[in-house]
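Engineer: Sequence and predicted structure are below.
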Amino acid sequence: MAKISKNKAAARAAFEGKANLTVEEAVALVKGNLKAKFDETVEIAMNLGVDPRHADQMVRGVVTLPNGTGKHVRVAVFARGPKADEAKAAGAEIVGAEDLMETIQSGKIEFDRCIATPDMMPLVGRLGKILGPRNLMPNPKVGTVTMDVKSAVEAAKGGEVQFKAEKAGVVHAGVGKASFDEAKLVENIRAFVDAVNRAKPSGAKGTYVKKVSISSTMGPGVSLDVSSAVAQ
């Protein structure tokens with residue numbers, strides 16, 4: 001049996017028997033039991049009553065967290081000419097066309113968000129098997145296929161979070177850093193839950209949000225009272 005460190009054992013003991021907390025209680029519990037030597041990310045997981053294998057039950061969207069993510073987001077943009085210049089001026093780390101496609105095909109992916117102008121999609125489409133599973137494929141539904149490259153780059157760097165339901169109907173994302181004030185984390189969590197609620201697909205039947213839980217990168221998770229997680 002694997003040996004559990006003192007820190008992990010202490011954290012588990014602190015979380016023991018605690019469930020369905022208000023957002024405020026859960027954030028306080030997570031922040032009060034941080035053990036890592038780095039600024040952990042506070043993560044949210046939402047179990048939804050959907051089967052994403054059916055097109056009418058797919059949950060996908062984007063939300064700008066009111067207090068940002070605290071994370072430096074590296075942005076890659078597929079664009080040419082003036083739009084490429086616009087992307088660079090807006091702060092995109094990587095801008096290119098065929099050269100960027102070749103870099104990605106070689107297995108080098110040094111970005112967290114990928115944006116493309118519509119005319120570049122035939123090129124980007126060849127990368128579907130690489131970018132798709134990593135949730136990096138540009139998509140007009142979440143504003144990453146656009147002629148307004150400047151706004152898309154600024155949004156990505158300004159706290160915008162994309163979300164997509166995985167096979168089991170789970171949506172997860174980072175909603176801030178553990179160093180954030182409790183009130184800012186609470187606000188971010190409610191904004192994220194609200195966005196997922198608004199993205200409810202037409203094919204969803206029965207209970208849509210089954211469970212919501214939060215954790216820090218290295219810590220245990222705790223479930224929230226779903227009604228408390230809805231924006232007040």
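Structural biologist: Happy to help now that I have it.
Engineer: Let me see the contact set for M218.
Structural biologist: Contact analysis of M218 by C-beta atoms under 8 Å, 6 or more residues apart in numbering lists K35, A36, E40. Where you see a C-beta, it was placed from the backbone N, CA and C, and this is true even at glycine.
Engineer: Secondary structure of it: a helix, I assume?
Structural biologist: No: with DSSP: H, G, I helix; E, B strand; the rest coil as the criterion, M218 is coil rather than part of a helix.
Engineer: give me phi/psi at it?
Structural biologist: Here is the backbone geometry of M218 (degrees, to the nearest 10): phi -110, psi 0.
Engineer: Buried ones among the contacts of M218?
Structural biologist: Among the contacts of M218, those classed as buried by neighbour count (16 or more other C-beta atoms under 10 Å) are E40.
Engineer: Would you map out the domains in the chain?
Structural biologist: According to the TED database, the chain comprises the domains 17-69+160-228, 75-158.
Engineer: what would these look like in JSON lines with mean pLDDT?
Structural biologist: JSON lines is the format used below for these (pLDDT from 0 to 100):
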{"stretch": "domain 17-69+160-228", "mean pLDDT": "93"}
{"stretch": "domain 75-158", "mean pLDDT": "96"}
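Engineer: Can you get me a residue count around L34?
Structural biologist: Neighbours of L34 under the rule other C-beta atoms under 10 Å: 19.
Engineer: correct me, but it touches T217?
Structural biologist: No: if you go by C-beta atoms under 8 Å, L34 and T217 don't touch, sitting 9.4 Å apart.
Engineer: Please identify every residue contacting each of these two.
Structural biologist: Joint contacts of L34 and T217 (C-beta under 8 Å, 6+ apart) are E40.
Engineer: where do the helices sit along the chain?
Structural biologist: 6-15, 23-31, 81-90, 98-105, 121-124, 128-131, 149-157, 182-198, 226-229 (DSSP state H).
Engineer: centroid residue for the chain?
Structural biologist: By C-alpha atoms, centre = their mean, the chain has its centre lying nearest to A173, at 3.5 Å.
Engineer: count of residues packed around V171?
Structural biologist: Neighbour count of V171, defined by other C-beta under 10 Å: 25.
Engineer: so what pLDDT did K6 get?
Structural biologist: Note on K6: pLDDT of 63.
Engineer: quick one on the thing from earlier: need the contacts of M218 in CSV (columns: distance to V23).
Structural biologist: Formatted as CSV, these follow (distance: C-beta to C-beta, whole Å):
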residue, distance to V23
K35, 22
A36, 22
E40, 18
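Engineer: And stretch 129-139, end to end?
Structural biologist: Distance between the two ends of stretch 129-139: 14 Å, counting by C-alpha to C-alpha, to the nearest Å.
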